[in-house]
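Undergrad: this one's structure only:
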DNA sequence: AGCACGCCGACT
DNA sequence: GTCGGCGTGCTC
């Protein structure tokens, strides 16, 4: 009726109805067409946040992707329920960016939206119940049981109750059955309440009643009045001390934070009395979650090398949109960035600086804050929802013209980006693995910059091969910065042969003699040591000495890692935990031993070898909490720790003068990785770890423990010979058709049944083979880890010709094939995952 | 992805 | 008899 009436109105008004294609945060490959109600017509446009009903129950936040006049033919469009703001939350550039991302990374635009909007901007709808007004217990034909009666009783003196309230009232968890029953008995109604998740931070403040403050005589009177009430007097005096109203009555308007009074230990009940008596009043204001800091836009003085690099970058930007800055560790890239950012901001553009997750907690942010103060927004993964929304809104309102952030900050609502900087551009953490969109933030940032007609600067001491390749092809500009800032010296490298030491019985608790000696020396000189091992836990597995049985995860095809802390076995893939077995489950022997090296075990070994040293460990397990990482860094920085053991976390952002020795426990573990990028990554990791040794005055030492010291890569890392290493590795990549010579796609097939997973993977593989595009197909093979979370995994690799539109065509046809397969009933529950440019 | 609807086993 | 398992279909 409503819609019919609406249509008639429209016809009368001589205009056709308006429809909107809405982006919804659901993994369905299309937008949904909703009708724009007449009363909202004026208030809606592309990028607006709206509320719609989706399916029978769900209420979702959507973003208007398109407005048009074409009514859907196959169904009656539902109306848009409401518009959330009077402005667009998402600008047209962002919508184009989302669409590009969905297409390039083979996912749905809804999935992009999901990743892009901080969850505080997505609505939550909560189910609530209320009394059915027509219900009368006395005349109801349905008898109520005790719990139902209790619930109705509780509801009778309230407007509404949430499911959680019900749980509290009844004292049980499973309330769904009871609610359902009451609905059937027509005693209650269930409805959805839509709530905005974001809530601004509200601060309580205190001030004199407004007219009082202006009237000195009245104030005198008040003080006389309270002179025999010391607690009240104390409060008023404190207030005057903080807010000198006598001298300047205007100040009263802004009052004083209530917290100041309570922190000063003043009586809150006396405060209440003062408020009740109309002397003081309490009011609330909305405040920012971020402290206001004044940056002093200082004049950055660059070294001659930095200045030259800056000029070269600017020249390169004249012709190229993207420039690669190849600057060795410690060459002072940060200062250069600051200079470039300042200039871009002065030109009225916005700036985005991307940092790898882990680098964000370190001093670089502090340094930037000094310069840019509160016009800089920080977007970190450990931020709460509310904080994220505030950064988002800050960009929207223009409060933040410059943002430092992790990979997801490419989604912030910039409207006039002038410069994007991707620091440590080779970092693996720029790639999102799971869930979709599986994007590479560095690549996406370049696209984003292009959409804004902005420039991108990629910075790294060990550039990714992709970027270096593009630089050599002259697609990117290329600038080097080779001198260490402040004449810090490059570290000295020494290889320690694990096997030789083992033979000579010099290997103690996995430490070679050389490594032990160097650590000892550093300790003696009160210097600090970093020990790197890219594996957390105590030991990667335990094994029965009698029959070689190894405890494995029940849900995944991996061995369980032994964690000494908590005495448990953990799966690093699904989080499964169990107690350490006391005896072998296969043969009953109690001889179980830990095999392999994790950070926990190294920490233990160190405490045995160097009992007097203060040792700390930095890995995922010790830095889970919001400030865990920062605390460890501060501890280490202030010299409270002599030896820090850690995973690759320690390769980032640590920048302490007192580190003179860096030890790499097992370089072979980095080298032998079944992946075409293993060499590239090993070079990067070794170089990055080594870069932590010796800054400023003293030359550092890097000790690399290995079983094969003759390998060439060590010489190349030691001499910093990136280019030679690159040329050699690239030869291999070209011969065997690996990126960046081809475009690579990984197609993962997952299902809980091994046979079905295999069958589906084969099926898709054969279909892909028929796509008429120049390509190489590999697989399908059982995944490196055959089962994760009870899902069996098969993988196919596709290598596509980079020229022409081969990749676009292939991706397009692949999407169609997958859709086709998903409809078949054997493959309904199979998940096909396309990963473009996989890592 | 969620969620409802619908059809078969093990239970008060 | 019913509760609830998850196979299947649908979402503007």
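TA: Now that the structure is in, tell me what you want to look at. Everything numeric here is computed off the predicted structure, so don't read it as measured data. Residues are numbered from 1 along each chain as shown, chains lettered A, B, ... in the order given.
Undergrad: burial measure for the residue nearest to residue A:545 when sequence neighbours are not counted, as a count.
TA: Closest residue to residue A:545 in three dimensions, ignoring its sequence neighbours and counting by CB to CB, 6 or more residues apart in numbering: residue A:591, at 4.1 Å. Just so you know, the C-beta spots here come from the backbone N, C-alpha and C atoms, and that holds for glycine as well. Residues contacting residue A:591 under the criterion other CB atoms under 10 Å number 12.
Undergrad: now swap in the one 4 residues further on and tell me
TA: If you count neighbours by other CB under 10 Å, residue A:595 ends up with 14.
Undergrad: run through the bridge partners of it.
TA: When bridges are called by DSSP bridges, residue A:595 pairs up with residue A:541.
Undergrad: hang on, the earlier thing: got a list of what the residue nearest to residue A:545 touches?
TA: The neighbourhood of residue A:591, defined by CB atoms under 8 Å, 6 or more residues apart in numbering, consists of A:544-546, A:584.
Undergrad: so which of those reach DNA strand C?
TA: The residues of these that also fall near DNA strand C, by CB under 7 Å from any atom of the strand, amount to none at all.
Undergrad: residue A:130: which of those is nearest?
TA: Distance to residue A:130, by CB to CB, is smallest for residue A:584 among the contacts of residue A:591, at 60.0 Å.
Undergrad: and the closest one, how many neighbours?
TA: Neighbouring residues of residue A:584 were enumerated by other CB under 10 Å; the total is 21.
Undergrad: same question, residue A:388
TA: For residue A:388, using other CB under 10 Å, the count is 24.
Undergrad: that one and residue A:118 touch, don't they?
TA: Yes. The pair residue A:388 and residue A:118 passes the contact test of CB atoms under 8 Å, sitting 3.7 Å apart.
Undergrad: that older thread, buried ones only from the contacts of residue A:591, please, as a PyMOL command.
TA: Isolation of the buried members of the contacts of residue A:591 (16 or more other CB atoms under 10 Å) is achieved in PyMOL through the command below:
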select buried, chain A and resi 544+584
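Undergrad: what's the closest of the contacts of residue A:591 to residue A:762?
TA: Proximity of those to residue A:762, judged by CB to CB, is greatest for residue A:544, which lies at 36.7 Å.
Undergrad: leaving out chain neighbours, which residue sits closest to that closest one?
TA: What sits nearest to residue A:544 in space, not counting adjacent residues and going by CB to CB, 6+ apart, is residue A:584, at 3.8 Å.
Undergrad: is any part of the longest strand seen in chain A close to DNA strand B?
TA: Of all segments of type strand in chain A, defined using DSSP state E, the longest is strand A:775-788. No. Taking CB under 7 Å from any atom of the strand as the criterion, strand A:775-788 and DNA strand B are apart, separated by no less than 14.7 Å.
Undergrad: what's the first helix or strand after that strand?
TA: The helix or strand immediately downstream of strand A:775-788 is strand A:791-801, counting by DSSP states H and E.
Undergrad: residues from the stretch 701-839 of chain A in reach of DNA strand B?
TA: residue A:831.
Undergrad: show me where the stretch 701-839 of chain A has its strands.
TA: A:701-706, A:742-751, A:775-788, A:791-801, A:831-836 (DSSP state E, counting those that start in this stretch).
Undergrad: most tightly packed of the ones you listed?
TA: When you average the neighbours per residue for each of these (mean count of other CB atoms under 10 Å), strand A:701-706 leads with a mean of 25.
Undergrad: so which bits of stretch A:381-388 are buried?
TA: Residues of stretch A:381-388 classed as buried under the neighbour-count rule (16+ other CB under 10 Å) are A:382-383, A:387-388.
Undergrad: so how far is it off the chain centroid?
TA: Going by CA atoms, centre = their mean, to the nearest Å, the spacing between the C-alpha centre of stretch A:381-388 and its chain's C-alpha centre is 10 Å.
Undergrad: same check on stretch A:538-552?
TA: 35 Å.
Undergrad: again, but for stretch A:423-431
TA: Using CA atoms, centre = their mean, the mean C-alpha position of stretch A:423-431 is found 13 Å from that of the whole chain.
Undergrad: please list the outside residues in contact with it.
TA: Contacts to stretch A:423-431, defined as CB under 8 Å, 6+ apart, come from residues A:324, A:333, A:337, A:353-359, A:406-407, A:422, A:438-442, A:458-460, A:462-464, A:467, A:652, A:681, A:684, A:837, A:839.
Undergrad: mind running it again at 7 Å?
TA: Applying CB atoms under 7 Å, 6 or more residues apart in numbering, the set of residues contacting stretch A:423-431 from outside is A:353-357, A:359, A:407, A:440-442, A:458-460, A:462-464, A:467, A:684, A:839.
Undergrad: swap in stretch A:775-791?
TA: A:555-558, A:573-574, A:674, A:737, A:749-752, A:761-762, A:765, A:768-769, A:792-801, A:810.
Undergrad: tell me if it is near DNA strand C.
TA: No. Counting by CB under 7 Å from any atom of the strand, DNA strand C has no neighbours in stretch A:775-791; the shortest distance is 11.3 Å.
Undergrad: the helix of greatest length in chain A: which residues count as buried?
TA: Identified as the longest helix of chain A according to DSSP state H is helix A:806-823. By neighbour count, and taking 16+ other CB under 10 Å as the criterion, the buried residues in helix A:806-823 are A:806-807, A:810-811, A:813-815, A:817-818, A:821.
Undergrad: between the residues you listed, which sits nearest residue A:16?
TA: Each of the buried residues of helix A:806-823 was scored against residue A:16 by CB to CB, and residue A:815 proved nearest at 32.8 Å.
Undergrad: how about that closest one: what's its closest non-neighbour residue?
TA: In space, not counting the residues next to it along the chain, residue A:815 is nearest to residue A:106; the distance is 6.3 Å by CB to CB, 6+ apart.
Undergrad: residue A:583 now?
TA: Nearest one to residue A:583, counting by CB to CB, 6+ apart, is residue A:590 at 4.6 Å.
Undergrad: pick out the residue of the stretch 651-800 of chain A closest to DNA strand B.
TA: For the stretch 651-800 of chain A and DNA strand B, the shortest gap (CB to the nearest atom of the strand) falls at residue A:750, measuring 9.6 Å.
Undergrad: rewinding a little: of all the buried residues of stretch A:381-388, the one with the weakest confidence?
TA: By predicted confidence, the buried residues of stretch A:381-388 are weakest at residue A:382, whose pLDDT stands at 81.
Undergrad: quick one, domains of chain A?
TA: Under the assignment named as automatic domain parsing, the residue ranges that make up the domains of chain A are A:8-123, A:125-195, A:210-278, A:304-481, A:492-536+A:596-730, A:540-582, A:743-836.
Undergrad: what's the least confident stretch among the ones you listed?
TA: Per-stretch mean pLDDT for the domains of chain A is lowest at domain A:125-195 (a mean of 75).
Undergrad: that one: how far from the chain's middle?
TA: Chain-centre distance of domain A:125-195: 40 Å, with CA atoms, centre = their mean.
Undergrad: start and end of stretch A:582-594, how far apart?
TA: When the termini of stretch A:582-594 are compared using CA to CA, to the nearest Å, they are 13 Å apart.
Undergrad: again with stretch A:421-428
TA: Using CA to CA, the end-to-end distance of stretch A:421-428 comes to 16 Å.
Undergrad: surely residue A:471 touches residue A:325?
TA: No. Between residue A:471 and residue A:325 no contact is recorded; they are 10.0 Å apart, counting by CB atoms under 7 Å.
Undergrad: give me the distance between residue A:75 and DNA strand B.
TA: According to CB to the nearest atom of the strand, to the nearest Å, residue A:75 stands 15 Å off from DNA strand B.
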